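Colleague: Okay, sequence plus prediction incoming.
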6 protein chains.
Amino acid sequence: MPATDTRQQQLPRYAGIPTFMRVPFASSPQGVDIALAGVPYDGGVSARPGARHGPREMRNQSSMARGIHPTLGFNPFEVCRVADIGDVPFTRVYDVEAAHAEIRDFLAPYCAAGAKVLVAGGDHSITYPIFQAMARPQPLAMVHIDAHTDTWDEFAGSKFTHGSPFRRAVEAGLLDPTRTIQIGIRGAQNSDEGWRYSLDHGMRVVFMDEFETLGVAGVIAEARRVVGDAPVYLSFDVDGLDPVFTPGTGTPEIGGLTTREALALLRGLDGLNVVGADVVEVAPPFDPSGNTALVGATLMYEALCLLARSHVPR
Amino acid sequence: MPATDTRQQQLPRYAGIPTFMRVPFASSPQGVDIALAGVPYDGGVSARPGARHGPREMRNQSSMARGIHPTLGFNPFEVCRVADIGDVPFTRVYDVEAAHAEIRDFLAPYCAAGAKVLVAGGDHSITYPIFQAMARPQPLAMVHIDAHTDTWDEFAGSKFTHGSPFRRAVEAGLLDPTRTIQIGIRGAQNSDEGWRYSLDHGMRVVFMDEFETLGVAGVIAEARRVVGDAPVYLSFDVDGLDPVFTPGTGTPEIGGLTTREALALLRGLDGLNVVGADVVEVAPPFDPSGNTALVGATLMYEALCLLARSHVPR
Amino acid sequence: MPATDTRQQQLPRYAGIPTFMRVPFASSPQGVDIALAGVPYDGGVSARPGARHGPREMRNQSSMARGIHPTLGFNPFEVCRVADIGDVPFTRVYDVEAAHAEIRDFLAPYCAAGAKVLVAGGDHSITYPIFQAMARPQPLAMVHIDAHTDTWDEFAGSKFTHGSPFRRAVEAGLLDPTRTIQIGIRGAQNSDEGWRYSLDHGMRVVFMDEFETLGVAGVIAEARRVVGDAPVYLSFDVDGLDPVFTPGTGTPEIGGLTTREALALLRGLDGLNVVGADVVEVAPPFDPSGNTALVGATLMYEALCLLARSHVPR
Amino acid sequence: MPATDTRQQQLPRYAGIPTFMRVPFASSPQGVDIALAGVPYDGGVSARPGARHGPREMRNQSSMARGIHPTLGFNPFEVCRVADIGDVPFTRVYDVEAAHAEIRDFLAPYCAAGAKVLVAGGDHSITYPIFQAMARPQPLAMVHIDAHTDTWDEFAGSKFTHGSPFRRAVEAGLLDPTRTIQIGIRGAQNSDEGWRYSLDHGMRVVFMDEFETLGVAGVIAEARRVVGDAPVYLSFDVDGLDPVFTPGTGTPEIGGLTTREALALLRGLDGLNVVGADVVEVAPPFDPSGNTALVGATLMYEALCLLARSHVPR
Amino acid sequence: MPATDTRQQQLPRYAGIPTFMRVPFASSPQGVDIALAGVPYDGGVSARPGARHGPREMRNQSSMARGIHPTLGFNPFEVCRVADIGDVPFTRVYDVEAAHAEIRDFLAPYCAAGAKVLVAGGDHSITYPIFQAMARPQPLAMVHIDAHTDTWDEFAGSKFTHGSPFRRAVEAGLLDPTRTIQIGIRGAQNSDEGWRYSLDHGMRVVFMDEFETLGVAGVIAEARRVVGDAPVYLSFDVDGLDPVFTPGTGTPEIGGLTTREALALLRGLDGLNVVGADVVEVAPPFDPSGNTALVGATLMYEALCLLARSHVPR
Amino acid sequence: MPATDTRQQQLPRYAGIPTFMRVPFASSPQGVDIALAGVPYDGGVSARPGARHGPREMRNQSSMARGIHPTLGFNPFEVCRVADIGDVPFTRVYDVEAAHAEIRDFLAPYCAAGAKVLVAGGDHSITYPIFQAMARPQPLAMVHIDAHTDTWDEFAGSKFTHGSPFRRAVEAGLLDPTRTIQIGIRGAQNSDEGWRYSLDHGMRVVFMDEFETLGVAGVIAEARRVVGDAPVYLSFDVDGLDPVFTPGTGTPEIGGLTTREALALLRGLDGLNVVGADVVEVAPPFDPSGNTALVGATLMYEALCLLARSHVPR
């Protein structure tokens, strides 16, 4: 069974050049089972910028990560080869669609070679080009945690902002709305257009009020029911959490999930056929204590375990 | 049906001169159904100052507010005319009673003209002159969320500090203690005088231990029972929340409400005859992440919906 | 019944030289029932330093403490003599074992004279020399709240780091593992050696997943069952709480207790034979809002009430 | 002599809805001699974003401004009508050139009506559309304080970033390079292309090394010599100051001007024919103490006095 | 020669209960040559509050202080008995004049017994009651460093704010304006009334523009000329420094002194007959890095040396 | 002429895994002319810890560095091969001398292979093992910028703290005190032992008072005179700067150098035979704005140019 070189993880946590979770760096898909990538891009935000600094700080905080999962009982680094493939090397940052193409083109070779990608954003607009890079033969299922449905059509002249990725993905046949669950949705809106789009296209939208009623166990059950055994993408916008946990984000909305609920929720997805994931909207300039990036990095570790599960020998 | 001009709300959230929730400014009661006012005064605090900066920062953060309530299902700005009437223009700030008179005199014309007031504090001492300005024919009922009963008699030589407003209001016949519920009370005290005053005068005091036992639904039921159909004032001291949500406040006390409980509680009051409200004790100098002001502004939006409910056509 | 001089506690909370909870300073055991001590030492940390500054900031924030407990219904300062005995006057800080000896030697005379000690850390390595100072005739029982079991053997060349105190204490016959409960344990580990040590030696380890299942009441029941009527030590590492409550700590791990759970848990221990306590790992440099030290100081007040209970006249 | 309504300036500094320097709001050019405008746009930055929040925070801090200049000896608000005309109401924020057109179109009517504009940025890319709005019959002279010459050609696919405005302005015939002085230039560069462009086109570039040699008085003399009696624009990028004064900026470079040098420099320009000005690159998310916005607001007041000088009766 | 017990100063700087400079606490004038006192009062501010927290943080940071002055060449703690006499135990904080009386009454016995007082504020209004407590037979001379002359008459209904102490002191015959020098004055004003009062009554006002011209040596010469051999009071408002050094203050004004200039200035006063001193307007809530309190504490050490000079054996 | 691969430096500054100045990583001395190394160790501090986090944050901020020096006129990356060799992989962090040995052993192979080392600390104790690693045939000359001479003998039981490196180095024959200049010394001390050691052994100590008198040019002349043409080490403790520039440090002392003076000073050393260098005492936990690490990274770039000078073709 191939494994990750974890010697860097044995050093003091504050030491060394910070790759994600202190795994080796890789510059090609060869020998990579799971590719950790940064997408330092926030050209799609509508309110507060700063998510371009997210990968740096999540790499930094991810040095706190360790191997054996306390609940799932395995060490993802022992069962497969995890590598940090660096950040998308942007050369076009002032044109949203050009930047998106660079994201797609950077990740595509890894996906084509069979690696699963786990991406640190960046704003949520980046998920659309990630879907393009994955180029799955069938539309993906999705578990999506967020305060917002991100199925709006257009904002301030663009159809590719962080409010639109899943609408674009459905339109492009990359995402199956009937196998999509959106969890944590809340907050007032000037129009209900996005909510309507999700509901009208068959997405399962769990608003926070229903979340409270169902409880985490109920939401997990719903997620498993909706997704079934389809290849599923996990997209975690940290504003799905209450901003007290993740103040460093672009469009905070009070009344969100706790970290304990988020951990339980992700662990409840264990065994699903997770084929890709992202943690997005960590905006360090609004995060004086660093907790947002720590949460983001820990969610990445949890997502890594979901991605690595299929590598665990039975 | 008269409505609010919401053109400013369509702009990017970081843009423009920040009135509360980006509603129009008004300098007279004419055409104002609900008046949003700032009371930048913290001359009544006993511990950490800074609430004088609260209205500024709540105005700033309130640009994140939007129209359609996700649960109540209506847009308060569409059903009535909401205006920012500015801050009390203080000319006497070193004499608590003189400052209180200025608060009363600034708000009174709006109340007299039939507008409902929604006030951003400022410390909690300001609620007493707000009651005076409202000049209701009968003592008000009240839902009061706070860590402290604020029914102490005197502190450091004054009877008008932020620990006393509701004792003064009962004495003045402005508040009906038997229709008052105080929620979130906790923390040690050097004397139980305030607790005793509340209990002895018939207020329903929900200490945090009982809050845990009753749950939010139980507390809502109690609140509705106590208040009945009387005209009710909502007074929300942000130290009723746990200081992790609202570190920027003058007398933090750990172990308080979560924002989700607070939102659920306020939404559970929908349909009561709410005639005025305040959100107080936001002290930005102690709020490095800005979350306190964001919470305060969001609570104002929730209170606005309660005040606007009677304007919704049936 | 002897009592504490509480005149300083009547002054405004921001005033005066900050002893713990503004009790009198004492430089000898005479007339001291409960000794509040600072141990400004963080030479045993493995990740982020700063707990050496913990006693200062907990003293500072402890001025917010007051007398009458809202639930337990008594005032600890009225039933016994509480004193701040200052900080360990370190002269050897670059040698962990030498520093530990200084901790032991500073506290021993107080313990020998019959005073109970309540210590503000400092990192968790200090609990081992505290146990040595207490020099109990029998191994202690313990209620231990923490994200980590702190029963690892060695790290980076030392057996006396903040990951080892309870393994050393068991080995030295100072701690009875079969009367020890560890609550809040979570987070990945590079090795399960510490978890195994605790379990293999009979400690009751409540991982967070089980904590969620049992609920606070269930955990209290377990703690009372394990401890029984033995003399018990309370050790509270603030990283047992979720880092959103206590960001200022050396090895934060998301998904921990809330302050409300912590308060309920401690109050649920009322009546146990608590003979000593500490609150450790408050690292102010990572605490921009000061909330960590406020939480730490409030936990000290709760621990004080547990220690003072035996002084309450029946 | 027309004057500004300064009643708001008499209130406590923390009170009221913050227009710039608490002058009245105006929504049309009528009766406006000097128009204070915000341009909350940072789509042109190359490193750290956040300047979109600059106008808000400069408005906030500008409440500290007062009337009578301590050195120049007049009160700008008494000699002309100063108004806050609000922020550019952006509807296209994802396309640099479209956003620039909106800036131009918002300001043009004020310029056409004869008002002078004083703009709070926003990143430095905005100065190019400001020049377009001014639509002067002859190319402008300029005093430009900055760490960078901002005469680079292209970056990451755009010719309209914050590194290019003055190259574009020269190309468009809006700026006269031979009447331009650039002060405070410093820091390493990956290419000397921008420096070369400035020098080759006749701009007077005062690198920091020469600044130290000349002293402020010498630099003032140079500026007056270069500009002569031409209509001159003042463009102040706060990264011209040392980042210790203005940490909240996008591309900080140590070794810059002090605030005392900046104040002396601006006062030394008194009497020049200043026809427009901006203060740009204030990025509040990187400004934990708020000093950057305070500096920015004070520089705006100094620039206002330069603009108002021609209104002072002789 | 009597000396101070400096054993606490030998411990690590982060250790121990923080008295000023870690000198012994004293509760009576006996055996005190120089009394260090805190006045945690900010009821006289006009803009941002928080100076009530100044004594705490200056005590905290003053642990960085040590004995031998690097330039003056003596150790103040060896030549006289320095004690921390604690904070004014306020019982009336809502009435400026009552609070001032408490300041006066607390300090008077120390002054009467011959101790010199060195006070940590608190806002600048406290200097007037300090003068009252000193009760000198002749009006004092003064060296006053500040951005503002603090000789205004009335603000917002009070004659005892932090803008008025020296006008009140002159009126009461406690301060000799002709032996007063005010250094660092700057910033715009809505009225020149205060400036005029100082100049009209013969104070030597060194505005910052003149400060730049004279240089520190020239200002020292002026100060020595003005004061002569009269008993002189040193009043240092930290807003005399540029806010980059002291952001934590109530009315920051850019363009002030550097710390190096301040140190040189104070050292240049060595040998004057300094009989009392204060360092005021340190407002920790606006001081995220703690530098303001560090500067304040260091200035206190420098002032201490000036006060102790007369105790140095010749 | 060999050169550094600078492709990473062309990307946006916030992108990519942060090596120092975005140069390539190297794990052996082969092909390395100048080795950039991190020493994340603060076990030798006496006051505030945190310098263990210095290399991470200096790596992070060093992405702001670019190639062509604005004054020296060359690009260090074009004239030699610069590599980031990572951090010392500590396995013994609780024993100062053992940790020092690890520093020495990590760097020695690079030095032996002829690479020059440029080290990011860590506290100042690390310079002694760096000297050991360099193993020069003759004692080194040194230019040392610092608030403290660091020639004390022992503190709190250790002779290897950050107050002692240069005393140990002289004793070991690694440093020539008569070719050593110490610049920026200031602040009170409890004993003058360290000052005396430096002076008695022939070091040229430039206290800040003399620094002001000499001016930067005078100090440069002194430094060149003292050092002559000997191989010289540059050791820059960021507390040599005023703490307003570098608040994030362990023992701040007000009244230090400005960044402009520091840059001028280093540039004035151009042409000396600089053979090694460090920038130490950057403690990010005390650096809320990040400016300290930015200054530290920029000083590293300046030191790099001094080290690279000998590679510039003539």
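Modeller: Cool, the structure landed.
Colleague: mind checking how far the residue most central in space within chain A is from A:Ala141?
Modeller: Geometric centre of chain A, nearest residue: A:Asp278, 1.8 Å, by C-alpha atoms, centre = their mean. Using C-beta to C-beta, to the nearest Å, A:Asp278 is found at 15 Å from A:Ala141. Yep, even glycine has a C-beta here, placed from its N, CA and C like the rest.
Colleague: what are the pairing partners of whatever helix or strand the residue nearest to the centre of chain A lives in, and which direction each?
Modeller: Under the criterion of DSSP states H and E, A:Asp278 resides in strand A:274-280. Strand pairing for strand A:274-280, determined by DSSP bridges: strand A:116-121 (parallel), strand A:232-237 (parallel).
Colleague: Serialize the ones you listed to a markdown table and add fields for distance to E:Val45, mean neighbour count and mean pLDDT.
Modeller: What follows is the strands paired with strand A:274-280, written out as a markdown table (distance: least, C-beta to C-beta, whole Å; neighbours: other C-beta atoms under 10 Å in any protein chain shown; pLDDT from 0 to 100):
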| stretch | distance to E:Val45 | mean neighbour count | mean pLDDT |
| --- | --- | --- | --- |
| strand A:116-121 | 44 | 26 | 98 |
| strand A:232-237 | 42 | 27 | 98 |
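Colleague: Please list the residues of the stretch 201-314 of chain A that sit near chain B.
Modeller: By the rule C-beta under 8 Å from any C-beta of the partner chain, the part of the stretch 201-314 of chain A lying against chain B is A:207-209, A:212, A:242-244, A:247, A:251-256, A:286-289.
Colleague: quick revisit: okay, the strand holding A:Asp278 in CSV with CA atoms only?
Modeller: What follows is strand A:274-280, C-alpha atoms only, in CSV (Å, rounded to 0.1, in the frame of the first residue of the first chain):
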residue,chain,number,x,y,z
VAL,A,274,-16.5,11.3,-2.4
VAL,A,275,-14.5,12.2,-5.5
GLY,A,276,-13.5,15.8,-4.9
ALA,A,277,-13.8,18.6,-2.3
ASP,A,278,-13.1,22.2,-1.5
VAL,A,279,-13.0,24.5,1.5
VAL,A,280,-13.6,28.1,0.4
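Colleague: wait, is A:Ile181 part of a strand?
Modeller: Yes - under DSSP: H, G, I helix; E, B strand; the rest coil, A:Ile181 sits within a strand.
Colleague: so who does the nearest residue to A:Leu36 once chain neighbours are set aside touch?
Modeller: Using C-beta to C-beta, 6 or more residues apart in numbering or on different chains and skipping residues adjacent in sequence, the residue nearest A:Leu36 is A:Phe20, 4.1 Å away. A:Phe20 sits next to A:Leu36, A:Gly38, A:Met58, A:Arg59, A:Ser62, A:Asp84, A:Ala120, A:Ala297, A:Met300 when contact means C-beta atoms under 8 Å, 6 or more residues apart in numbering or on different chains.
Colleague: Do a quick rundown of the helices in chain A.
Modeller: For chain A, applying DSSP state H gives helices covering A:54-61, A:76-79, A:96-112, A:127-134, A:165-171, A:193-200, A:208-227, A:259-267, A:291-308.
Colleague: Any chance of TSV for those, columns distance to B:Phe166 and mean neighbour count?
Modeller: Below are the helices of chain A laid out as TSV (distance: least, C-beta to C-beta, whole Å; neighbours: other C-beta atoms under 10 Å in any protein chain shown):
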stretch	distance to B:Phe166	mean neighbour count
helix A:54-61	45	27
helix A:76-79	56	22
helix A:96-112	54	19
helix A:127-134	50	25
helix A:165-171	49	24
helix A:193-200	40	17
helix A:208-227	31	17
helix A:259-267	36	23
helix A:291-308	36	26
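Colleague: can you pull the contacts of A:Val39?
Modeller: A:Pro55, A:Asp87, A:Val88, A:Ile103, A:Val119, A:Ala120, A:Gly121, A:Gly122, A:Ile126, A:Ile130.
Colleague: what's the burial count for the nearest residue to it once chain neighbours are set aside?
Modeller: Spatial nearest neighbour of A:Val39, chain neighbours left out: A:Gly122 (3.8 Å); criterion: C-beta to C-beta, 6+ apart. Neighbours of A:Gly122 under the rule other C-beta atoms under 10 Å in any protein chain shown: 34.
Colleague: okay, now A:Gly256: neighbour count?
Modeller: Counted with other C-beta under 10 Å, A:Gly256 comes out at 28.
Colleague: Do I have it right that it meets A:Asp237?
Modeller: No - the pair A:Gly256 / A:Asp237 is not scored as a contact, 10.1 Å apart, by C-beta atoms under 8 Å.
Colleague: number of nearby residues for A:Gly73?
Modeller: 10.
Colleague: and it, what pLDDT?
Modeller: The model reports A:Gly73 with a pLDDT of 91.
Colleague: Contacts only, for A:Lys159.
Modeller: Here A:Lys159 is in contact with A:Asp153, A:Arg168 (criterion: C-beta under 8 Å, 6+ apart).
Colleague: Please repeat the previous calculation with a cut-off of 10 Å.
Modeller: Taking C-beta atoms under 10 Å, 6 or more residues apart in numbering or on different chains, we find A:Lys159 in contact with A:Val96, A:Glu97, A:Trp152, A:Asp153, A:Arg167, A:Arg168, A:Glu171, D:Tyr94.
Colleague: Any chance of those residues in TSV with distance to chain C as columns?
Modeller: Output for the contacts of A:Lys159, formatted as TSV (distance: C-beta to the nearest C-beta, whole Å):
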residue	distance to chain C
A:Val96	32
A:Glu97	36
A:Trp152	30
A:Asp153	35
A:Arg167	31
A:Arg168	32
A:Glu171	36
D:Tyr94	33
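Colleague: For F:Pro247, see how far away A:Thr246 is.
Modeller: From A:Thr246 to F:Pro247 the distance is 27 Å (C-beta to C-beta).
Colleague: wait, A:Trp195 sits on A:Asp150?
Modeller: No - here A:Trp195 lies out of contact with A:Asp150, judged by C-beta atoms under 10 Å, at a distance of 11.1 Å.
Colleague: Which single residue of the stretch 1-150 of chain A ends up nearest chain C?
Modeller: Going by C-beta to the nearest C-beta, chain C is nearest to A:Arg66 of the stretch 1-150 of chain A, at 4.1 Å.
Colleague: gap between the residue lying closest to that residue once chain neighbours are set aside and C:Ala147?
Modeller: Counting by C-beta to C-beta, 6+ apart, the nearest residue to A:Arg66 once its immediate chain neighbours are dropped is C:Ala188, at 4.1 Å. As defined by C-beta to C-beta, C:Ala188 lies at a distance of 11 Å from C:Ala147.
Colleague: now the nearest residue to A:Leu107 once chain neighbours are set aside: how far from E:Phe25?
Modeller: The shortest distance from A:Leu107 to any non-neighbouring residue, by C-beta to C-beta, 6+ apart, is to A:Ala133 (3.7 Å). The gap separating A:Ala133 from E:Phe25 is 68 Å, by C-beta to C-beta.
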